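Student: Give me the fold of what follows.
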Amino acid sequence: MDWKSRRISALLEAALLEDKAASDITTALTIDPALRATGTILAKQPCVVAGIGCISAFLALYGKMKPSGRFEVVSHPEIFDGVHVKKGQAIAVIRANAASILSTERVILNLMQRMSGIATLTNEYVRAVATTKSKTKILDTRKTIPGLRALDKYAVGCGGGLNHRLDLQDGILIKNNHISLGGGLPTVLAHALEGRKPGQIVQVEVRTPIELEQAIAGKADSILLDNMTPKEVAKSLKLIRAGLPQATVEASGNMNLKTVATYAKTGVDFISVGALTHSAVAVDLSMRITAATF
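Tutor: Residues are numbered from 1 along each chain as shown. I've put the predicted structure just below:
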């Protein structure tokens, strides 16, 4: 993750502006502006960490809004995005002007808690599939918080998952509404295959045996089996492997931790899980701040 990129910097700056971090009235009235402090971010539950880079990025942006001197963010070499941490373990230590730590504390924790929650949930799905010893990979979806997609998808990667399309230009995925509005599956699939750019993969979502037959006959590059039972997925997969062996196969629709392993056992290449980003629970992190003399 490039935390200094224009896109990510804009997101972080918007968070600081929303919280009016540079106009923190409580801190201004109660804390000596020259006081230095140490802030230690702690995991209050076992989790997979994501978003450590946002700490320095937030502090640097805050410093541009309100000059506050030097800062340093340090962590143990074994602590980085994607690592499992235990309850009570220190994730990072901030050494900076006390006011800057107090004024950015909430936005830092908010973002890291969400990203780590996504990474932790993703890792649970990855581990559930790993128990089957299949080659199935866990994918995310576009069901992300508007404006935070890049961060949400990065967090999925920290948890061991893979990213599906980043946006609508990133890949061709023919869904049920395209099929119903575009004249049927054979027609829209033919148009997509003909009009795609070199190297673009055309994936089509199928929900019925007829649509599956049409997708195979139309030579789709990838087939998404939507809202099928594991038994239906296994049966469909056999037909695809026989009639279109080069196509990749993805299963999706209401996946959860209780069922994902069963779907993986069918042998599909991918399982997409919207819950990774739309239903992840933020992990519990805290920041312990103490005065310093450095």
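Student: Which residues are in contact with Leu225?
Tutor: By C-beta atoms under 8 Å, 6 or more residues apart in numbering, the contact set of Leu225 is Val206, Leu212, Glu232, Val233, Ser236, Leu237, Val249, Glu250, Ala251, Ser252, Val268. Glycine gets a C-beta too; all of them are placed from N, C-alpha and C.
Student: CA atoms only for the one helix or strand the third one maps to - export them in CSV, please.
Tutor: Read that as Glu232. According to DSSP states H and E, Glu232 maps onto helix 230-243. The C-alpha atoms that make up helix 230-243 are tabulated as CSV, following Å, rounded to 0.1, in the frame of the first residue of the first chain:
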residue,chain,number,x,y,z
PRO,A,230,-22.7,-27.3,-2.9
LYS,A,231,-24.2,-30.3,-4.8
GLU,A,232,-25.3,-28.0,-7.6
VAL,A,233,-21.9,-26.5,-7.7
ALA,A,234,-20.2,-29.9,-7.9
LYS,A,235,-22.5,-31.0,-10.7
SER,A,236,-22.0,-27.8,-12.6
LEU,A,237,-18.2,-28.0,-12.2
LYS,A,238,-18.1,-31.4,-13.8
LEU,A,239,-19.9,-30.0,-16.9
ILE,A,240,-17.6,-27.1,-17.1
ARG,A,241,-14.5,-29.2,-16.8
ALA,A,242,-15.8,-31.5,-19.5
GLY,A,243,-17.0,-28.8,-22.0
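Student: Closest one of the contacts of Leu225 to Leu42?
Tutor: Proximity of those to Leu42 was ranked by C-beta to C-beta; the top entry is Ser252 with 36.5 Å.
Student: mind listing the helices for the chain?
Tutor: Listed in chain order, the helices of the chain (DSSP state H) span 6-18, 25-30, 53-65, 98-130, 149-158, 176-181, 185-195, 209-217, 230-243, 260-264, 275-278.
Student: Columns mean pLDDT, mean neighbour count and distance to Arg142 on top of those, output as CSV?
Tutor: Output for these, formatted as CSV (pLDDT from 0 to 100; neighbours: other C-beta atoms under 10 Å; distance: least, C-beta to C-beta, whole Å):
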stretch, mean pLDDT, mean neighbour count, distance to Arg142
helix 6-18, 98, 15, 17
helix 25-30, 98, 11, 38
helix 53-65, 98, 20, 22
helix 98-130, 98, 23, 14
helix 149-158, 98, 24, 7
helix 176-181, 96, 14, 14
helix 185-195, 98, 16, 18
helix 209-217, 98, 18, 21
helix 230-243, 98, 16, 22
helix 260-264, 98, 21, 19
helix 275-278, 97, 22, 9
